[in-house]
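Participant: what follows is a predicted protein model with its sequence.
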Amino acid sequence: MMDRDRNKTLLLELQRAAGTGNGRCADCGEPDPEWASYKLGIFICLNCSGIHRNLSQISRVKSLRLDFWENDLMEFMKKHGNLCAKAKYEAKVPPYYYIPQSCDCLVLREQWIRAKYEREDFVATRICQDPCSAGSREGFLWKRGRESRQFQRRWFLLSAREGVMKYYTKESRGPKAIISIENLNAMFQTEKIQHAHGLQITYNTDGQTRNLFVYHESGKEIVDWFNAIRAARYHYLRTTFPTLPEPELIPRITRNYVKEGYMEKTGPKQKEAFKVRWFCLDSQERNLMYFKNPLDAFAQGQVFIGRRDEGYEVRAGLPQGVRVKKRKPAITVVTPMREFVFICENDREQREWIDALNGVIAQPLTG
């Protein structure tokens, strides 16, 4: 019993020890991890420990507080730790490879953990692919039909060298679409697509944002596609902006929307009936897009969000003189041309939309 209590105290001290990296999950960065892998010598969070349980040949987990820690395991943990593991298993992570955080979907976190410890993709002895080679890939993905709304197998081809992504249907000999990597984006959308491996690919065509919704049965395959797109984007950005510092370039590779969700909107006269629409806020393009349905291929419209000194502002509540029957929180987006009125589902949604829109208004315009 004394050993149990002593080792638990030592373990918690080790988790908090400065210079070890143990204060955050070794895999997703979640603060104050409560679990550890005693085969790898790392401290991890509850969610990542669930993934490690499925890798029993290379990782075994225990709770810092609930399980008994033998003396030999304590010695092993002392000799290792998160920074030690990072130096070994993350020695050669390519700059374009997406490193998930605790808020990211399960498939991203699981494949990151498998890539590190199971396949040892990033150890020092591995030869790194250059971004141009890594940004080349072809294969089948299940794509949602724009009209049919059914998922069908389509052949996709990505070429960083040519600077394009293409996809083909069974019926057509040539590509159905040729997408420039310059305006290509990808983000995981597991809830929206209602598939654990759901990926949303977006690009600009004739001044509009086009959405493609795809998935693959294999978690590894869809994450490999995502990182191949990131490699192609990295190659394009590095070639186009050779002097741009890496910390500024990396966030521009791919991006998630700052916020998405349902709001109700009215027309320009602010007397039209309010209609429920799905909204997506893209901070890089400074666009608030709205769709009839979340999985629509094209937006019904969009609102450009400029800077405050250009006359853009977001306010809680309705403009003066506007009346609505529903007692729900509203927001007004002020632009130089007109005011846009949106009704939110609740106070929390109102606060989140105001914060997200203010974040875009506050950021500088980029070229």
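Facilitator: Cool, got the structure.
Participant: so where's the stretch 101-250 of the chain shaky on pLDDT?
Facilitator: Residues of the stretch 101-250 of the chain meeting the criterion pLDDT under 70: 171-172.
Participant: which parts of it are helices?
Facilitator: Along the stretch 101-250 of the chain, counting by DSSP state H, counting those that start in this stretch, helices occupy 106-113, 131-134, 190-193, 219-240, 246-249.
Participant: can you count the residues close to residue 356?
Facilitator: 21 (other Cβ atoms under 10 Å). C-betas here are computed from N, CA, C, even on glycine.
Participant: wasn't it part of a strand?
Facilitator: No - the assignment for residue 356 (DSSP: H, G, I helix; E, B strand; the rest coil) gives helix, which keeps it out of a strand.
Participant: now it: closest residue in space that isn't a chain neighbour?
Facilitator: Leaving aside its sequence neighbours, residue 356 sits nearest to residue 259 (Cβ to Cβ, 6 or more residues apart in numbering; 4.1 Å).
Participant: hey, what's that neighbour bridged with?
Facilitator: Assessed by DSSP bridges, residue 259 has beta-bridge partners residue 281.
Participant: which residues touch it?
Facilitator: Contacts were defined as Cβ atoms under 8 Å, 6 or more residues apart in numbering; by that measure residue 259 touches 279-281, 352-353, 356.
Participant: out of those residues, which end up buried?
Facilitator: 279-281, 353, 356 (16 or more other Cβ atoms under 10 Å).
Participant: farthest pair within the residues you listed?
Facilitator: Farthest apart among the buried ones among the contacts of residue 259 by Cβ to Cβ are 280 and 353. That separation is 11.7 Å.
Participant: what segments of the stretch 101-250 of the chain are strands?
Facilitator: Using DSSP state E, counting those that start in this stretch, the strands of the stretch 101-250 of the chain run over residues 136-144, 151-159, 164-168, 177-180, 185-188, 199-205, 208-215.
Participant: send me the third one as CSV with only the CA atoms.
Facilitator: Once non-C-alpha atoms are left out, strand 164-168 reads as follows in CSV (Å, rounded to 0.1, in the frame of the first residue of the first chain):
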residue,chain,number,x,y,z
VAL,A,164,-4.1,20.1,-60.3
MET,A,165,-6.5,17.7,-58.8
LYS,A,166,-8.9,15.8,-61.1
TYR,A,167,-11.7,13.4,-60.7
TYR,A,168,-13.4,11.1,-63.2
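Participant: which elements pack onto that strand?
Facilitator: Here strand 164-168 touches strand 151-159, strand 177-180, going by 3 or more Cβ pairs under 8 Å, 6 or more residues apart in numbering; DSSP states H and E.
Participant: just how off-centre is it within its chain?
Facilitator: 22 Å (Cα atoms, centre = their mean, to the nearest Å).
Participant: and the angle from that strand to strand 136-144?
Facilitator: 50 degrees (axes from the mean of the first three to the mean of the last three Cα atoms, to 10 degrees).
Participant: so what strands line up beside strand 164-168?
Facilitator: For strand 164-168, pairing defined by DSSP bridges yields strand 151-159 (antiparallel), strand 177-180 (antiparallel).
Participant: dump those strands into TSV; add distance to residue 96 and mean neighbour count as well.
Facilitator: As requested, these are exported to TSV (distance: least, Cβ to Cβ, whole Å; neighbours: other Cβ atoms under 10 Å):
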stretch	distance to residue 96	mean neighbour count
strand 151-159	13	17
strand 177-180	18	16
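Participant: distance to residue 25 for those strands - can I get that in TSV?
Facilitator: Below are the strands paired with strand 164-168 laid out as TSV (distance: least, Cβ to Cβ, whole Å):
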stretch	distance to residue 25
strand 151-159	32
strand 177-180	36
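Participant: so which of those strands is nearest residue 294?
Facilitator: That would be strand 151-159 among these, by Cβ to Cβ, at 15.3 Å.
Participant: ok, and what's touching the closest one?
Facilitator: 135-145, 164-169, 175-176, 214-215, 225, 228-229, 232.
Participant: equivalent analysis for stretch 130-139, please.
Facilitator: 94-96, 155-161, 181, 221, 224-225, 227-235, 238.
Participant: may I see the buried residues of that stretch?
Facilitator: Result for stretch 130-139 [16+ other Cβ under 10 Å]: buried residues 131-132, 134-137.
Participant: out of the strands paired with strand 164-168, the one nearest residue 117 is which?
Facilitator: Nearest to residue 117, of those and by Cβ to Cβ, is strand 151-159 at 27.3 Å.
Participant: how far off centre is that closest one?
Facilitator: 21 Å.
Participant: list the contacts for residue 315?
Facilitator: 331-332, 334.
Participant: save the buried residues of stretch 130-139 as CSV, and put in distance to residue 22 too.
Facilitator: Output for the buried residues of stretch 130-139, formatted as CSV (distance: Cβ to Cβ, whole Å):
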residue, distance to residue 22
131, 33
132, 38
134, 32
135, 35
136, 39
137, 37
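Participant: residue 29 is nearest to which of the strands of the stretch 101-250 of the chain?
Facilitator: strand 185-188 (17.3 Å).
Participant: outside of the closest one, which residues touch it?
Facilitator: 104-105, 107-108, 198-203, 226, 229-230, 254-257.
Participant: who does it pair up with?
Facilitator: Using DSSP bridges, the strands paired with strand 185-188 are strand 199-205 (antiparallel).
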